[in-house]
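Colleague: Return atomic coordinates for the entry below.
(2 chains)
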Amino acid sequence: MKPRTHTCGSLRAEHVGQTVTLHGWVSGLRDKKTIFVVLRDRYGTVQVTLDEKCPEDLMAIGKQLALEYTVEVQGLVRLRHAPNDKMETGAIEIEPASITILSKTKPLPFKIDSLKEKPTEEVRLKYRYLDLRQSQLQKTMRIRHKTALVVRNYLDDQGFYEIETPILNRSTPEGARDYLVPSRVHPGEWYALPQSPQIFKQILMIGGMDRYFQLCRCFRDEDLRADRQPEFTQIDIEMSFVTQDMIIELSNGMIRKVWKDVIGVDVGDIPSITYAEAIDRFGVDNPDLRFGMELFTADWQGTEFGVIGNALASGGVARGFIVKGGAEVSNSLFKTHKKKGDGDWLAFVKKYRLGGLLYGKLENGSWSGPLSKVEPELLTTIEGVEDGDLVLIGAGPANHVNTAMGRLRAHVARQRALIPEDAFAFVWVTDFPAFEHDEDNDRWVSVHHPFTQPIEEHIEWLGTERMGDILSDAYDIVCNGYEIGGGSIRIHNSEVQAQVFKALGLSEEEAKNKFGFLIDALQYGAPPHGGLAMGFDRWTMLLSGTENIRDVIAFPKTSKAQDLMADAPNTVAKEQLEELFVANTVSDEEESSSDSE
RNA sequence: GGUGCUGUAGUUAAGUUGGUUAUAACGCCGGCCUGUCACGCCGGAGGCCGCGGGUUCGAGUCCCGUCAGCACCGCCA
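Modeller: Numbering: from 1, shown residues only, chains lettered A, B, ... in the order given. The predicted model follows:
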């Protein structure tokens, strides 16, 4: 192999007359009297032309080529007879002096960057090495790399150290399920892979590192979604002697720099709203601010209209939003069809445990639909309804109504194309409740995590009937409806920390057992500190314009957490298990049946 | 743990009310074509219709189960 002199995408008219050596894959082949070979590498494509001037032995090699062969081409850059404006290198072509086939390919499972058909994701994941050649992944890997680089440089400029924390860790059975690793030298004992480096980064602050960050892999053994993988990467940040405002300011600077440097977008100012405001205006704590259609509250105490009246009487709420010009939508969206099931919008809210969806259409001054039965003087309290509009209302328990109507708001906006393309709407959500009551187990649990600082004035409510009113010094950053980061000011006072554990029903012994080393460390001059973790994969998704997290990860797993290429997870030899003192409780029969196709 | 959609050639899809030889496009192989660029033309090979069971004279099609992919609910401090 000769050294490469140029990349395929780099050649222009100014190179005409130069002899170049290129390496790449055959991405296009037009075998006529003249053979046209399109050569592709990471940097672009260029046409290699074998015409009547070509010696016969070279034509013979040209005849052997097939798509995705890896080749070396040495030749002369010349102007084309027929330039191609659609190609960056379309002004020129290569007149080859030699072509070497570096490696051949078996028949391909799919054509790279085919315009006609896209392979299913299952096929793409199995042949990920071919999928990676496609422009989509070439682009997202570039964006991912560039984002990481900008983040590292930005944080370095701000005085941060990147410090690694352990992958093999102790299990803390709070929150998500841990991935466990058996210890060979300590029979019966296990490491856990980190769900996040939370405790270690706090200890780095106690250790005087002042400003820490890490692009770190985190692991959670939970069921997956389009935007969730079992292992994912976060930009983990912790700072000493900071306030919430300082962390938000630093984060805003980082977001602006990344969006500008990676995709050329000016983010501008990023607003903040409180959790309470987010729920009030949007029903959810990760609102999409790219469009309006905010929720209103139908506070119609005493209405004769049964569904809403009953919901309010039993302590629930009625909330909804106006769909501008929505009166023309089909009523079948709201109906239960005997055979086909529920209409789209009705079925949508039912997923969120809402019993039904009320609607009213205002046309030519008169209401139709279920809401037409509501007292007219109450209907007029809905602000901003005009002729031709549709009003949607959900009624029931507050948490169900807020979630259902908040999600429906986004669903409707998407269906009706109300979301501007290429827009980014960032927002900080602050003042989260510190604790929520777990009805199933009748106990209080942390909304964020138990090291989150409750706001000063609320600390005295710990362990009282006002637990649910305690707000925390925590904040989430949301973009386009995705939670892309979150953090908090941490408790640095070991007495407050002890009060929190107590309020959560953790005995001193249990707390010590779970978080002992942090509790100890907090007693040795802990600085006030706080930080946050940014979802690096979700950042990359937004920057790439994809809604699928697998599109921004080189080797992702399926929704059942399998790697279809590497075929992981897999069974291991009995001897391996014995060495680790692990018993396999799955019978061989079960194993083989689940393995077969 | 649950719900929905999908599974037919290497790939992407079509396949009607259950009906006899399962289609097409791309890719692959062979041939033709003076400059193509989603090249074009002619010919060819290629199928466990995801898997298992059932209903039926007959199943790609209907029913049950199962596996896989995707999306969602629960879950994800």
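Colleague: Please count neighbours and contacts with C-alpha atoms only from this point.
Modeller: Noted.
Colleague: pretty sure A:Glu579 is touching A:Arg184, no?
Modeller: Yes. Counting by Cα atoms under 8 Å, A:Glu579 touches A:Arg184, with 6.5 Å between them.
Colleague: And these two? Which one has more around it.
Modeller: Comparing A:Glu579 with A:Arg184 by neighbour count (other Cα atoms under 10 Å), the higher total belongs to A:Arg184, at 16 against 13.
Colleague: what sits against that one?
Modeller: Applying Cα atoms under 8 Å, 6 or more residues apart in numbering, we find A:Arg184 in contact with A:579-581.
Colleague: Next step: those residues restricted to helices.
Modeller: Among the contacts of A:Arg184, the residues falling in helices (DSSP state H) are A:Glu579.
Colleague: now the helices for the stretch 401-550 of chain A?
Modeller: Secondary structure of the stretch 401-550 of chain A by DSSP state H, counting those that start in this stretch: the helices cover A:494-503, A:508-522, A:536-544.
Colleague: got those as CSV, with distance to A:Glu436 and mean pLDDT columns?
Modeller: Below are the helices of the stretch 401-550 of chain A laid out as CSV (distance: least, Cα to Cα, whole Å; pLDDT from 0 to 100):
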stretch, distance to A:Glu436, mean pLDDT
helix A:494-503, 12, 92
helix A:508-522, 19, 85
helix A:536-544, 26, 97
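Colleague: Of the ones you listed, which is nearest A:Phe451?
Modeller: Nearest to A:Phe451, of all the helices of the stretch 401-550 of chain A, is helix A:494-503, at 6.9 Å by Cα to Cα.
Colleague: tilt between that closest one and helix A:508-522?
Modeller: Between the axis of helix A:494-503 and that of helix A:508-522 there is an angle of 160 degrees, by axes from the mean of the first three to the mean of the last three Cα atoms, to 10 degrees.
Colleague: Name the residues of helix A:494-503 that come out as buried.
Modeller: A:494, A:496-501, A:503 (16 or more other Cα atoms under 10 Å).
Colleague: and A:Leu312, how many residues sit next to it?
Modeller: By other Cα under 10 Å, neighbour count at A:Leu312 equals 22.
Colleague: and A:Ile99, which of the three is it?
Modeller: Three-state assignment for A:Ile99 (DSSP: H, G, I helix; E, B strand; the rest coil): strand.
Colleague: who's it bridged to?
Modeller: Bridge pairing for A:Ile99 (DSSP bridges) gives the partners A:Val73.
Colleague: so who does it touch?
Modeller: A:58, A:61-62, A:71-74.
Colleague: separation between it and RNA strand B?
Modeller: Distance from A:Ile99 to RNA strand B, counting by Cα to the nearest atom of the strand, to the nearest Å: 17 Å.
Colleague: do A:Ala526 as well
Modeller: Computed as Cα to the nearest atom of the strand, the A:Ala526 to RNA strand B distance reads 19 Å.
Colleague: ok, which residues in the stretch 401-550 of chain A are in contact with RNA strand B?
Modeller: Residues of the stretch 401-550 of chain A lying near RNA strand B by Cα under 7 Å from any atom of the strand: A:445-450, A:548.
Colleague: and the residue nearest in space to the middle of chain A, what is it in contact with?
Modeller: By Cα atoms, centre = their mean, the mean C-alpha position of chain A lies nearest to A:Arg538, the distance being 3.1 Å. Residues near A:Arg538 by Cα under 8 Å, 6+ apart: A:227, A:482, A:484, A:549.
Colleague: my guess is the third one meets A:Gly535, correct?
Modeller: Yes. Between A:Ile484 and A:Gly535 there is a contact under Cα under 8 Å: 5.1 Å.
Colleague: counting residues per helix, which one in chain A is longest?
Modeller: helix A:135-157.
Colleague: Flag the shaky bits of chain A, pLDDT-wise.
Modeller: A:173, A:337-341, A:587-597 (pLDDT under 70).
Colleague: quick one: the residue nearest to the centre of chain A and A:Trp300, what's the gap?
Modeller: Separation of A:Arg538 from A:Trp300 (Cα to Cα, to the nearest Å): 40 Å.
Colleague: Same check on A:Pro182?
Modeller: 59 Å.
Colleague: Go ahead and confirm A:Ala583 touches A:Gln576.
Modeller: No. Counting by Cα under 8 Å, A:Ala583 stays clear of A:Gln576, with 10.5 Å between them.
Colleague: What residues does the stretch 51-200 of chain A have near RNA strand B?
Modeller: So far as Cα under 7 Å from any atom of the strand goes, the stretch 51-200 of chain A lies against RNA strand B at A:51, A:66-67, A:80-84, A:90, A:93, A:107-111, A:114-123, A:174-177, A:195-196, A:198.
Colleague: how about the closest residue to A:Val71 other than its chain neighbours, what does it touch?
Modeller: Closest residue in space to A:Val71, ignoring its immediate chain neighbours: A:Ile101 at 4.5 Å, by Cα to Cα, 6 or more residues apart in numbering. By Cα under 8 Å, 6+ apart, the contact set of A:Ile101 is A:65, A:69-72.
Colleague: any idea whether A:Gly24 is helix, strand or coil?
Modeller: strand.
Colleague: burial count for it?
Modeller: 23.
Colleague: about what we covered before: report the separation between the residue nearest to the centre of chain A and RNA strand B.
Modeller: 13 Å.
Colleague: Surely A:Gly159 and A:Arg211 touch.
Modeller: Yes. Applying Cα under 8 Å, one finds A:Gly159 in contact with A:Arg211, separated by 6.7 Å.
Colleague: Who has more neighbours out of these two?
Modeller: Between A:Gly159 and A:Arg211, A:Arg211 has the larger neighbour count (other Cα under 10 Å), namely 23 against 12.
Colleague: in the stretch 401-550 of chain A, which spans are strands?
Modeller: A:426-430, A:435-438, A:443-446, A:474-479, A:482-489, A:529-535 (DSSP state E, counting those that start in this stretch).
Colleague: Run through the residues of the stretch 251-400 of chain A sitting next to RNA strand B.
Modeller: By Cα under 7 Å from any atom of the strand, the residues of the stretch 251-400 of chain A that approach RNA strand B are A:351-352.
Colleague: Single out the residue in the stretch 251-400 of chain A that lies closest to RNA strand B.
Modeller: Of all residues in the stretch 251-400 of chain A, A:Lys351 sits closest to RNA strand B, at 5.1 Å by Cα to the nearest atom of the strand.
Colleague: nearest spatial neighbour of that residue, skipping sequence neighbours?
Modeller: Nearest non-adjacent residue to A:Lys351 (Cα to Cα, 6+ apart): A:Ala404, at 7.9 Å.
Colleague: How many neighbouring residues does that neighbour have?
Modeller: Other residues lying near A:Ala404 total 25 when counted by other Cα under 10 Å.
Colleague: pretty sure it is touching A:Tyr352, no?
Modeller: Yes. Using Cα under 8 Å, A:Ala404 is in contact with A:Tyr352, at 5.3 Å.
Colleague: Which parts of the stretch 151-300 of chain A are helices?
Modeller: Using DSSP H, counting those that start in this stretch, helices in the stretch 151-300 of chain A cover A:198-206, A:244-263, A:275-282.
Colleague: Those helices: which one's closest to A:Phe555?
Modeller: Across the helices of the stretch 151-300 of chain A, A:Phe555 has its closest neighbour in helix A:244-263 (22.2 Å, Cα to Cα).
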